[in-house]
Structures are given as structure tokens and as C-alpha cells.
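Novice: With the sequence up front, the predicted model follows.
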Amino acid sequence: AKQIYLEHYLFLKIDNEINKTRKNIRKSYKNLFSKIDTNVYNFLILNKVNYSQWEMFRNLHKKESGKITRSKKSWDIQYKNLIEKKAIFICCFKDNKMIGGAFFDISKDEALYSVGVYSNKHKNVPISHFIQSLAIKEFTSRNLKWYRIGKYISAKMDKSPQNKEHNISFFKSGFASHIYTSYKFVI
């Protein structure tokens, strides 16, 4: 049986001026950026990561997910991309303990949000929002054209995803300037 699925993807058009790019970000998010005390929360934008930092991120992902969701090989591939400067990693520490981070693949013209994880103990602090802001600033400085944020799922489009997927999609959509639709054919 043949089936055709519509899939929707979120993108942010990166302008060469950060203020123009930030105009596309949800207004309520912009207010959150100033609520981070960078004296308490230490953010690092890493083009190169030592393996112990990468393991901290992988272990945080396992801890917050409550299980292993991906193979070690997939993590090693991402680490290799960091070493080869095909990605960046932005993380947050508090009291010398990693409490959040996000990994972004980078090409000549585009960045892709690949994986992020944040400590539930600090869920009232907009760490994920601030990391996205730092990433967008970094993409602008690299003269990238697009930031591919991920799939867009709304309750109107698809009633089957879990509430968590809708919440993640809503979060991501606050950084998007465009939604593109593609077709997936299954034979």
C-alpha cells in the first residue's frame, strides 16, 4: 500500500544582523533571555569538546530521559563531528556541574538542531531558551543562512503525538521564521 505523509519543518532565516534575525523570535522568549544570571549559570560555546565533557552531556541525557534512547555509536559520530568542526556544542554549568546543553550540526550555509537536554531540577530557569539565543548569535557570526530547528507538530495537524512532542514543537516554533512542508512517500 502506498501512503503519502505531510511533514512540517521549522526554520529560522538567519540575517547578517542579529537584531533582524531576533525579530522572528517569539516576544515572550526575548524577555526570558535577560532573566539568566550568567554569574550563577556558566554557558560555554564549544567548537571542540574534550571527551569527558561530551560524556557528561550523554550521561545527563540518559539521566533526564530515564533510559538510553540512542546508541553509543550515534553519540560517537556527533563527537567526531565536533572534532572535525562540523558542529558546535553549547552547554550550561552550575556549581561546576553540567545542567544542560544542545548540539548543532553545521554546514556551509545551515545549522541543524540535533539534540538538547536540560536538568529537570532547573526547569524554572530558561536555560534552553538562552542556549538557543547563543546558538543563533553564533550562526549569525558564521554567516549561515538558515537554522533548521526541527519538525513542527501541532495538535491541529496531528492528534497522535504525545503531549511532550507537542510541547517540544511549541518551544521550537518560538524561534522559527518559516514552516516548510515536505512529502514523505511510503511504499
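Specialist: Arrived safely, thanks for sending. Residues are numbered from 1 along each chain as shown.

Novice: Dig out what K184 forms beta bridges with.
Specialist: The partner list for K184 in beta bridges (DSSP bridges) reads Y5.

Novice: when you give positions from now on, start the count at 25
Specialist: Fine by me, first position is 25 from now on; the one you just mentioned is K208.

Novice: Quick check: it touching I28?
Specialist: Yes. If you go by Cβ atoms under 8 Å, K208 and I28 touch, sitting 7.2 Å apart. The way it works is simple: take the backbone N, C-alpha and C, and place the C-beta from them, glycine included.

Novice: What is the helix or strand bottoming out on mean pLDDT in the chain packed up against?
Specialist: Taking mean pLDDT, DSSP states H and E as the measure, the chain has helix 187-197 as its least confident helix or strand, at a mean of 84. Helix 187-197 makes packing contacts with strand 27-37, strand 170-176 when contacts are defined by 3 or more Cβ pairs under 8 Å, 6 or more residues apart in numbering; DSSP states H and E.

Novice: Need those strands in JSON lines (columns: mean pLDDT).
Specialist: Output for the helices and strands packed on helix 187-197, formatted as JSON lines (pLDDT from 0 to 100):
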{"stretch": "strand 27-37", "mean pLDDT": "89"}
{"stretch": "strand 170-176", "mean pLDDT": "93"}
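
Novice: TSV for those, including distance to I203 and mean neighbour count?
Specialist: Formatted as TSV, the helices and strands packed on helix 187-197 follow (distance: least, Cβ to Cβ, whole Å; neighbours: other Cβ atoms under 10 Å):
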stretch	distance to I203	mean neighbour count
strand 27-37	5	15
strand 170-176	5	20
